[in-house]
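Chemist: Need a 3D model of the following:
(2 chains)
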Protein chains: 2
Amino acid sequence: MTGAHVRRIGFVGLGIMGRPMARNLARAGMEVIGFSRTRASIDAVADAGILPGASIAEAVDRAEVVITMLPDTPDVVSVAKGEGGIFACARPRTIWIDMSTIDPTVAAALAREAEDCDIRALDAPVSGGESGAIAATLSIMVGGARETFEEAESVLTVLGTTVAHIGPAGHGQAAKLCNQVIGALTLLAVSEGLVLAERSGLDTSAVLQVLRGGAASSWMLEHLGPRMLAGDHSPGFFVDLQLKDLRLVAETARRLSLPLPGTATCEQLFRAVSAAGGGKLGTQALITVLRRLAATET
Amino acid sequence: MTGAHVRRIGFVGLGIMGRPMARNLARAGMEVIGFSRTRASIDAVADAGILPGASIAEAVDRAEVVITMLPDTPDVVSVAKGEGGIFACARPRTIWIDMSTIDPTVAAALAREAEDCDIRALDAPVSGGESGAIAATLSIMVGGARETFEEAESVLTVLGTTVAHIGPAGHGQAAKLCNQVIGALTLLAVSEGLVLAERSGLDTSAVLQVLRGGAASSWMLEHLGPRMLAGDHSPGFFVDLQLKDLRLVAETARRLSLPLPGTATCEQLFRAVSAAGGGKLGTQALITVLRRLAATET
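Modeler: Modelled structure (predicted):
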């Protein structure tokens, strides 16, 4: 089997990210059997020709490649190892690609356990948000055996434009944590800069326009700066998922005895957004906590 | 006089940024008389057809537009108001464009004083670093009267690709401080993410490659990430000048009663780089302090 011949994909997890990704695979001519915990999520993709699976087993059964796109580490462990899960139901030699963002050490451990079940695991978390998932322009960071990566590459290139093999199992997740550190802190950068512009009484849209052209430019400024200024907090990426990723970063950094002072400050501020009830807002709501810190009344 | 007819420019300050900017003006066919405190800086641009001025007065005398590109607020105040300075020597109706990064309140005050001398002032700090100055792709943030901006625009478009009128006198400098907040914190983002990659034992060049394609991408990652990994600390922008800008930010934020927790952390870390003797290194040396924080020996 080479990637080019992959015909049948089991897709578990049809949330904000999983839905457009599964749609892109179906559009590319693959037979996609989708499963999600909520029936509504499955129905939401029926129009795209994705076959509804009644269970994980049904999505996994007879698939050549199984993709998981789930919120957190325990979800992935449960779908992989639980009763009626991937390890129990997948055919021998299936390639399982976990595209969720989870603990790198758990990803490495799951890959070893998968091998014992004759399943070939890749950890392949993504960057690029909902817009990247829809446009199939995700960056995909892959850990696992190189030959498995090469077999799966033609599936991954349907989903993203930058697909890179980083190293052995777990290294995709470890790279994703680096991505999350940079993304979260860059978002804090944009938030602090724009709050300063607001409080300085500047024409913020003129400021945003000129910042875009210089050394302060970033994906975050380009995509979320305008939303911050417009007060549009609709989620491309939930604050609570950002907090989950920053917790994984904090655990990893603690294990490595690595001080990350900026990231630590950033985590505190995201926690404040969540504490104020903003956990299901998009990460650009980070600016609201800075505005609140600068409130002119108590 | 419209910008299209500007023929003679006095240029004061021929440092890392000023030199290539003056060269670009000369290349565009303008007559540029340059002055710098050190003779070596003047000699360094002689090849580009820039006429050496023996004094500020000589650079300013008979110029239609005077540009200053100096390190800090006191330098600009001195060149503007000092004996033999711009206010004393420039012809009536001269447009003086200060492209240095200085205190926004001082910029606004200088513009008022210039008006009393029949000199029309613009504050027009830039973003884009040495590479942007050389390639004439700077972003230029302009404060001052709109009609003066419109007269000067054809000079500014020789130096940069994004030229925006932000608002009245001082607003260019205020916008630049927002730019500096975002730039400095984005650089901290890149530093912390890459140190995490190093300490996680990842293939850092593979990580950098994939990060570039996703939501963590930024000008800083693109331009300074590779230098950080290569240990190349040659200056595009000095650590000590970054610290000067962060001091201006801190003073402005204090005046506005605006807490900027990420920027404050960032300033402390840049101060640590300078304290260790790195003031004349490029800002990408920020990563060295994080590596030192994670040192395995005391």
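
Chemist: what sits up against stretch A:99-107?
Modeler: A:13, A:17, A:21, A:67-73, A:75-77, A:98, A:123-126, A:140, A:143, A:169-174, A:176-177, A:180, A:241, A:244-245, A:248, A:251-252, A:255, B:200 (C-beta atoms under 8 Å, 6 or more residues apart in numbering or on different chains). To be clear about C-beta, it is placed using only N, CA and C from the backbone, and glycine gets the same treatment.

Chemist: How far off centre is that stretch?
Modeler: Its chain's C-alpha centre and that of stretch A:99-107 lie 11 Å apart, by C-alpha atoms, centre = their mean, to the nearest Å.

Chemist: ok, now stretch A:153-169?
Modeler: 14 Å.

Chemist: Provide a list of residues in contact with A:A276.
Modeler: Counted by C-beta under 8 Å, 6+ apart, A:A276 has contacts A:288-289, A:292.

Chemist: Quick check: phi and psi on A:R91?
Modeler: The phi and psi values for A:R91, taken as degrees, to the nearest 10, are phi -70, psi 160.

Chemist: among the contacts of stretch A:99-107, which ones are buried?
Modeler: A:13, A:17, A:21, A:67-73, A:75-77, A:98, A:123-126, A:140, A:143, A:169-174, A:176-177, A:180, A:241, A:244-245, A:248, A:252, B:200 (16 or more other C-beta atoms under 10 Å in any protein chain shown).

Chemist: Tell me which of these fall in strands.
Modeler: Those of the buried ones among the contacts of stretch A:99-107 mapping onto strands are A:67-68, A:98, A:123, A:126, A:140, A:143, per DSSP state E.

Chemist: biggest strand in chain A by residues?
Modeler: strand A:160-167.

Chemist: and that one, does that touch chain B?
Modeler: Yes. On the criterion C-beta under 8 Å from any C-beta of the partner chain, strand A:160-167 is in touch with chain B at A:160-162, A:164-167.

Chemist: Only whichever of the residues you listed are buried, select them in ChimeraX.
Modeler: Selecting only the buried entries of these in ChimeraX, with 16+ other C-beta under 10 Å as the criterion:
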select /A:160,162,164,165,166,167
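
Chemist: Tabulate the ones in strands among the buried ones among the contacts of stretch A:99-107 in TSV, adding columns for distance to A:L51.
Modeler: Output for these, formatted as TSV (distance: C-beta to C-beta, whole Å):
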residue	distance to A:L51
A:I67	14
A:T68	17
A:D98	21
A:D123	26
A:V126	23
A:I140	24
A:G143	29
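
Chemist: which one of the residues you listed is nearest A:A184?
Modeler: Looking at those and their distance to A:A184, the nearest is A:V126, at 15.8 Å (C-beta to C-beta).

Chemist: low pLDDT regions in chain A?
Modeler: A:1-5, A:298 (pLDDT under 70).

Chemist: So which residues of it form strands?
Modeler: Taking DSSP E as the criterion, chain A carries its strands at A:8-12, A:31-35, A:51-52, A:65-68, A:95-98, A:120-123, A:126-127, A:138-143, A:160-167.

Chemist: Strand A:138-143 and the lengthiest helix in chain A, what's the angle between them?
Modeler: In chain A, with assignment by DSSP state H, the single longest helix is helix A:171-199. Angle, helix A:171-199 to strand A:138-143, by axes from the mean of the first three to the mean of the last three C-alpha atoms, to 10 degrees: 140 degrees.

Chemist: now helix A:171-199 against strand A:160-167, angle please.
Modeler: Using the same axes, to 10 degrees: helix A:171-199 against strand A:160-167 is 130 degrees.

Chemist: near chain B at all, helix A:171-199?
Modeler: Yes. Figure legend: helix A:171-199 in contact with chain B (C-beta under 8 Å from any C-beta); contacting residues A:171, A:174-175, A:177-186, A:188-190, A:192-197, A:199.

Chemist: Can you select the buried ones from these in PyMOL?
Modeler: Command for PyMOL that selects the buried part of those, burial taken from 16+ other C-beta under 10 Å:
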select buried, chain A and resi 171+174+175+177+178+179+180+181+182+183+184+185+186+188+189+190+192+193+194+195+196+197+199
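
Chemist: hang on, the earlier thing: just among the contacts of A:A276, which is most surrounded?
Modeler: A:V289 (22 neighbours; other C-beta atoms under 10 Å in any protein chain shown).

Chemist: on that earlier part again, looking at the residues of strand A:160-167 next to chain B, which two lie furthest apart in space?
Modeler: Maximum distance among the residues of strand A:160-167 next to chain B (C-beta to C-beta): 20.8 Å, for A:T161 and A:G167.

Chemist: For chain B, see how far away the nearest residue to A:E115 once chain neighbours are set aside is.
Modeler: Leaving aside its chain neighbours, A:E115 sits nearest to A:A121 (7.3 Å; criterion: C-beta to C-beta, 6 or more residues apart in numbering or on different chains). Between A:A121 and chain B the computed distance is 18 Å (C-beta to the nearest C-beta, to the nearest Å).

Chemist: tell me, which of the ones in strands among the buried ones among the contacts of stretch A:99-107 make contact with chain B?
Modeler: Near chain B, by the rule C-beta under 8 Å from any C-beta, you find A:126, A:140 out of those.

Chemist: just the ones in strands among the buried ones among the contacts of stretch A:99-107 now: which is nearest A:L224?
Modeler: A:V126 (17.4 Å).

Chemist: Show me the domain layout of chain A.
Modeler: For chain A, the structural domains run A:3-167, A:175-294, going by automatic domain parsing.

Chemist: closest to A:P226 among the ones in strands among the buried ones among the contacts of stretch A:99-107?
Modeler: A:V126 (22.9 Å).

Chemist: That closest one reaches A:T162, doesn't it?
Modeler: No. Counting by C-beta atoms under 8 Å, A:V126 sits too far from A:T162 to count as a contact (9.8 Å).

Chemist: joint contacts of the two?
Modeler: In contact with both A:V126 and A:T162: A:138-140, B:214, using C-beta under 8 Å, 6+ apart.

Chemist: want to throw the residues you listed into JSON lines with distance to A:L156?
Modeler: Listed next are these as JSON lines, based on distance: C-beta to C-beta, whole Å:
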{"residue": "A:L138", "distance to A:L156": "9"}
{"residue": "A:S139", "distance to A:L156": "11"}
{"residue": "A:I140", "distance to A:L156": "5"}
{"residue": "B:G214", "distance to A:L156": "14"}
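
Chemist: Show me which of these are buried.
Modeler: Counted by 16+ other C-beta under 10 Å, the shared contacts of A:V126 and A:T162 give A:138-140, B:214 as buried.

Chemist: Report the separation between A:I97 and chain B.
Modeler: For A:I97, the distance to chain B - C-beta to the nearest C-beta - is 16 Å.
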